[in-house]
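Engineer: Quick one, fold the following:
(one chain, ligands or ions: 1)
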Amino acid sequence: MSVEKIKEIIKKCLKETPCEVSFFYNEPLKYHTTFKVGGSVDCLLSPKGDGFRAFCINILNTCRAHNVPVFILGGGANIVVSDKGIRGIALDMSEWKGKLQSQREFFAKKNEIIFKSGTSIDEAVNTACAEGLSGIEFLAGMPGTVGGAVWMNARCYESEAADVFGWAEVIFCEHELKSRYTVHKVEKNAADFAYKQSPFQKMDCVIISASFRLKKGDKEEMLNNIKKYREDREKKGHYRFPSAGSAFKNNRDFGKPTGQIIDELGLKGRQVGGAQIAPFHGNIIINTGNACANDIRALVDETALEVKKKTGFILEPEILFVGEW
Ligand SMILES: Cc1cc2nc3c(=O)[nH]c(=O)nc-3n(C[C@H](O)[C@H](O)[C@H](O)COP(=O)(O)OP(=O)(O)OC[C@H]3O[C@@H](n4cnc5c(N)ncnc54)[C@H](O)[C@@H]3O)c2cc1C
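Structural biologist: You can find the predicted model right below:
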């Protein structure tokens with residue numbers, strides 16, 4: 001598939017369903033991910049504003065009809081994009097941001113707040129707090145978007161996105177029925193969520209907005225908690241180097257956090273090329289400056305192998321490897 005084909009598709013979709021978009025061809029994804037590695041995507045497409053839904057539906061259906069792959073990009077905070085990059089389109093949600101105003105009073109009465117999926121997690125936390133709504137403070141300081149947090153069922157400080165998630169508006173295609181992409185509302189069903197799992201991972205879908213069901217809170221207390229979480233992340237070195245947070249999932253069966261297992265095996269500081277197990281945290285792999293995606297992948301594989309050899313535990317990566325490997 002050629003970039004020319006993608007250009008034709010975008011031109012056609014914009015004509016049929018006008019929308020404010022920016023698009024870049026052969027765009028290096030290291031500029032759009034927190035690990036700051038990865039090759040280029042054929043086209044990075046960032047829609048926003050009026051016509052967003054119709055345009056996204058049209059792009060998804062047209063790409064499907066022409067076998068052009070589409071990758072959904074949030075804040076790029078949980079992914080390692082391969083050095084060869086991503087073929088097709090990366091539909092970047094990060095420009096589709098802010099609180100959704102529709103039916104405002106109805107939802108305000110229910111202490112429910114709705115965000116466009118590209119809203120940064122920090123902005124969502126700040127907005128909820130400004131409205132005196134409490135419950136998502138635990139996510140303060142976590143990089144990424146609302147859509148990514150819901151898709152990943154992001155978790156920290158003993159809470160997870162599913163605890164406060166209400167429903168999501170998604171553009172969804174049910175392949176078994178050979179259907180086209182259409183908009184659906186997905187209500188929370190607690191049984192569909194588990195550790196780092198959400199129902200969206202099993203669907204071919206784009207989350208376009210998500211609601212959080214919160215409760216009235218004391219603003220000062222909320223601000224103090226938000227500050228505490230942000231400071232804790234700073235203290236733990238989360239922002240010192242490019243990374244994607246925890247490299248591996250935790251597993252209760254191990255009896256201790258994965259970072260501790262890696263630490264006890266003396267693996268902190270181990271390096272492959274420019275990728276390193278953070279000297280200050282066993283479960284964070286960092287880009288020391290000149291890492292490539294292959295370095296990170298090799299270090300993840302090496303670490304998992306070493307842990308298996310020495311302890312028998314099988315580590316599962318939490319970071320997602322995307323693109324052509
Ligand atoms: C310093 C640091 C600390 C971190 N700490 C934590 C932590 O404490 N807990 C934790 O859980 N994670 C943590 N992370 C990882 C990351 O912040 C979260 O996983 C976050 O939720 C990812 O969101 P994102 O928008 O960046 O998703 P991306 O990385 O862009 O995407 C992740 C996956 O979600 C999909 N996706 C994204 N948006 C959408 C959408 N709108 N519709 C459909 N699919 C979508 C993508 O296709 C991809 O498969 C950390 C990362 C960093 C860099």
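
Engineer: all helices of the stretch 51-200 of the chain, in order?
Structural biologist: Assigned by DSSP state H, counting those that start in this stretch, the stretch 51-200 of the chain shows helices spanning 52-65, 104-109, 121-130, 146-152, 161-164.

Engineer: Worst mean pLDDT among the ones you listed?
Structural biologist: With a mean of 65, helix 104-109 has the lowest mean pLDDT of these.

Engineer: Next, format the helices of the stretch 51-200 of the chain as JSON lines and append mean neighbour count and distance to the ligand.
Structural biologist: Bear in mind the C-beta positions are built from the backbone N, C-alpha and C, glycine included. Listed next are the helices of the stretch 51-200 of the chain as JSON lines, based on neighbours: other C-beta atoms under 10 Å; distance: least, C-beta to the nearest ligand atom, whole Å:
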{"stretch": "helix 52-65", "mean neighbour count": "20", "distance to the ligand": "10"}
{"stretch": "helix 104-109", "mean neighbour count": "11", "distance to the ligand": "20"}
{"stretch": "helix 121-130", "mean neighbour count": "19", "distance to the ligand": "7"}
{"stretch": "helix 146-152", "mean neighbour count": "28", "distance to the ligand": "2"}
{"stretch": "helix 161-164", "mean neighbour count": "22", "distance to the ligand": "8"}
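
Engineer: For residue 265, find the nearest of the ones you listed.
Structural biologist: For the helices of the stretch 51-200 of the chain, proximity to residue 265 was assessed by C-beta to C-beta; helix 146-152 is nearest, at 26.9 Å.

Engineer: what packs against that closest one?
Structural biologist: The contact analysis (3 or more C-beta pairs under 8 Å, 6 or more residues apart in numbering; DSSP states H and E) places helix 146-152 against helix 121-130, helix 161-164, strand 204-213.

Engineer: Out of these, the one nearest residue 280 is which?
Structural biologist: helix 121-130 (22.4 Å).

Engineer: Count the neighbours of residue 298 for me.
Structural biologist: Using other C-beta atoms under 10 Å, residue 298 has 14 other residues around it.

Engineer: Can you name the element that comes right after the one helix or strand it maps to?
Structural biologist: In the assignment (DSSP states H and E), residue 298 maps to helix 293-311. Using DSSP H and E, the helix or strand that follows helix 293-311 in sequence is strand 320-322.

Engineer: quick one: average confidence on that following strand?
Structural biologist: Taken as a whole, strand 320-322 has an average pLDDT of 98.

Engineer: That one pairs with which strands?
Structural biologist: Strands that pair with strand 320-322, judged by DSSP bridges, come out as strand 79-81 (parallel).

Engineer: So is the partner strand next to the ligand?
Structural biologist: Yes. Judged by C-beta under 6 Å from any ligand atom, strand 79-81 comes into contact with the ligand at residue 79.

Engineer: now stretch 225-234
Structural biologist: No. Stretch 225-234 lies out of reach of the ligand by C-beta under 6 Å from any ligand atom, never closer than 6.7 Å.

Engineer: buried residues in that stretch?
Structural biologist: By 16 or more other C-beta atoms under 10 Å, the buried positions in stretch 225-234 come out as 225, 226, 229, 230, 233.

Engineer: The helix holding residue 298 and the ligand in contact?
Structural biologist: No. Taking C-beta under 6 Å from any ligand atom as the criterion, helix 293-311 and the ligand are apart, separated by no less than 12.7 Å.

Engineer: Check stretch 205-219 too.
Structural biologist: Yes. Counting by C-beta under 6 Å from any ligand atom, the ligand is contacted by stretch 205-219 at 206, 207.
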